[in-house]
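Student: Predicted model follows, preceded by the sequence.
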Amino acid sequence: MSKVAFLGLGAMGSRMAMNALDGGHTLAVWNRSDGRAQELAERGARIADSPREAAKGAEFVITMVTDDKASRSVWLDGESAAIHALSADAIAIE
């Protein structure tokens, strides 16, 4: 199965991430607040401290955040941004 990182665990993101787990994928998750990630962690997901940490080693990095500003922050802002951990063959899904 694939290594997947899921960034943003709101109403839609948390359900999509759960489907990835149910499908047998290895899952790393990140969310601005930790509460949403706990249920996924109890089912086998790894909670990351930053988007960059979640994206490290992932074949697919999926973001599900509220708007363009939040997306830019997750992907590009600062050293903790996901872009810094994408491998050359990773697929980024927005």
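Tutor: It's in.

Student: Tell me where this protein has strands.
Tutor: 3-7, 26-30, 46-47, 60-63, 91-93 (DSSP state E).

Student: what about the longest helix in the chain?
Tutor: helix 11-22 (DSSP state H).

Student: Does that one pack against any helices or strands, and if so which?
Tutor: Contact analysis of helix 11-22 by 3 or more C-beta pairs under 8 Å, 6 or more residues apart in numbering; DSSP states H and E lists strand 3-7, strand 26-30, helix 35-42 as its packing neighbours. Placement of C-beta: from N, CA and C, glycine included.

Student: right, and residue 23 touches residue 17 too?
Tutor: No: using C-beta atoms under 8 Å, residue 23 makes no contact with residue 17, being 10.6 Å away.

Student: Determine which member of the two has the greater number of neighbouring residues.
Tutor: Between residue 23 and residue 17, counted using other C-beta atoms under 10 Å, the more crowded position is residue 17 (29 against 11).

Student: Next up, the contacts around the more buried one.
Tutor: Taking C-beta atoms under 8 Å, 6 or more residues apart in numbering as the contact definition, residue 17 lies against 6, 9, 27, 29, 40, 45.

Student: I figured the fifth one was touching residue 18, is that so?
Tutor: Spelled out, it's residue 40. Yes: if you go by C-beta under 8 Å, residue 40 and residue 18 touch, sitting 6.6 Å apart.
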